[in-house]
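Chemist: need a 3D model of the following:
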Amino acid sequence: MEPRKNLLLLVVVLPWLAACNTTATRGEAALNELVALLPGSYDNIAQARAAPDHSSLRLAIALVQAPLVGDHVYYVQEMAADDPRRVLSQRLYVLNSVPDSESSAMTQLDFAEPTRWRNGHENRDLFRSLLMQDLRVRTGCDLLWKKSESEEGFTATNNAQQCRTNSRETGETLKVEQRMELDADGLSIFDQRRDAAGAVVSGNESDPWYRFSRRAETSF
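Modeler: The predicted structure follows:
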């Protein structure tokens, strides 16, 4: 290749490489910030007092070591706020960076045997033995996290056209729409399910958001 053509190629390629490196660096920085911000103990007691149609809940999110699942894995347990022994749900969140992007993807996984992992936030070494056959992936239900417009937190959305689940009562396929908002003060979760006709079958229709405040006495 002639020297002039070599020079032109460098003029075109070098800015592109610099832009890619900048995006990757920002994406990694955003992921690291999200990884540090997400864990904690939360409750929506204040919301439930003001709006009795929302259940009063406590949410524990703990970073755990599960080498066969990923580098950034969280155990998530939802409990009744007035009785932590009454466990309502358990799952895992797995965070990964999105290549060539400043966003992070969060995969959600359910347990094949939930009772085996109960109160895992109090025994995080338990997950070192976790295998993929112990989990059920929510296919198509990843949430995409990005910095909020204020740059003080993060927001996440899923693709409601791809995320599906089956109704426990009827077996009908439901469309799942999920959103999250996270900052230093708390975590808000929107989870609404609709049938084929578009009618809401799960999730408060007038105010679908559960607004959890971060508790100061987190022990994990």
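
Chemist: just the helices in the chain please.
Modeler: 3-37, 45-50 (DSSP state H).

Chemist: out of the ones you listed, which gets the lowest mean score?
Modeler: If you rank these by mean pLDDT, helix 3-37 sits at the bottom with a mean of 66.

Chemist: wait, what's in contact with the closest residue to Leu38 other than its chain neighbours?
Modeler: Leaving aside its chain neighbours, Leu38 sits nearest to Ile61 (6.0 Å; criterion: Cβ to Cβ, 6 or more residues apart in numbering). Quick note: C-beta positions are derived from backbone N, CA and C, even for glycine. Taking Cβ atoms under 8 Å, 6 or more residues apart in numbering, we find Ile61 in contact with 38-42, 74-76, 93, 121, 187.

Chemist: could you redo the last one with a cut-off of 7 Å?
Modeler: Contact analysis of Ile61 by Cβ atoms under 7 Å, 6 or more residues apart in numbering lists 38-40, 74, 76.

Chemist: kindly supply the ChimeraX command isolating those of the residues you listed that are buried.
Modeler: To isolate the buried ones among the contacts of Ile61 in ChimeraX, judged by 16 or more other Cβ atoms under 10 Å, type:
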select :38,39,40,74,76
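
Chemist: wait, which of the contacts of Ile61 is closest to Ser97?
Modeler: Nearest to Ser97 among the contacts of Ile61: Leu38, at 14.4 Å, using Cβ to Cβ.

Chemist: any idea how far the closest one is from Leu63?
Modeler: 8 Å (Cβ to Cβ, to the nearest Å).

Chemist: how about the strands in this structure?
Modeler: 40-43, 57-64, 73-80, 83-97, 104-111, 135-137, 143-147, 154-158, 164-166, 173-183, 186-194, 200-202, 209-214 (DSSP state E).

Chemist: dead centre of this structure: give me the residue that sits there.
Modeler: Centroid-nearest residue in the chain, with Cα atoms, centre = their mean: Met106, separated by 4.9 Å.

Chemist: thought that residue was touching Arg138?
Modeler: No: contact between Met106 and Arg138 fails when scored by Cβ atoms under 7 Å: they sit 10.5 Å apart.

Chemist: which stretch among the strands of the chain comes nearest Arg26?
Modeler: The nearest among the strands of the chain, by Cβ to Cβ, is strand 143-147 at 9.1 Å.

Chemist: quick check: which helices or strands does the closest one pack against?
Modeler: Strand 143-147 sits against strand 104-111, strand 154-158, with contacts defined as 3 or more Cβ pairs under 7 Å, 6 or more residues apart in numbering; DSSP states H and E.

Chemist: hmm, 8 Å instead?
Modeler: On a contact count with 3 or more Cβ pairs under 8 Å, 6 or more residues apart in numbering; DSSP states H and E, strand 143-147 meets helix 3-37, strand 104-111, strand 154-158, strand 173-183.

Chemist: that one: how far from the chain's middle?
Modeler: 9 Å (Cα atoms, centre = their mean, to the nearest Å).

Chemist: that strand: partners in the sheet, and parallel or antiparallel?
Modeler: Here strand 143-147 is paired, per DSSP bridges, with strand 104-111 (antiparallel), strand 154-158 (antiparallel).
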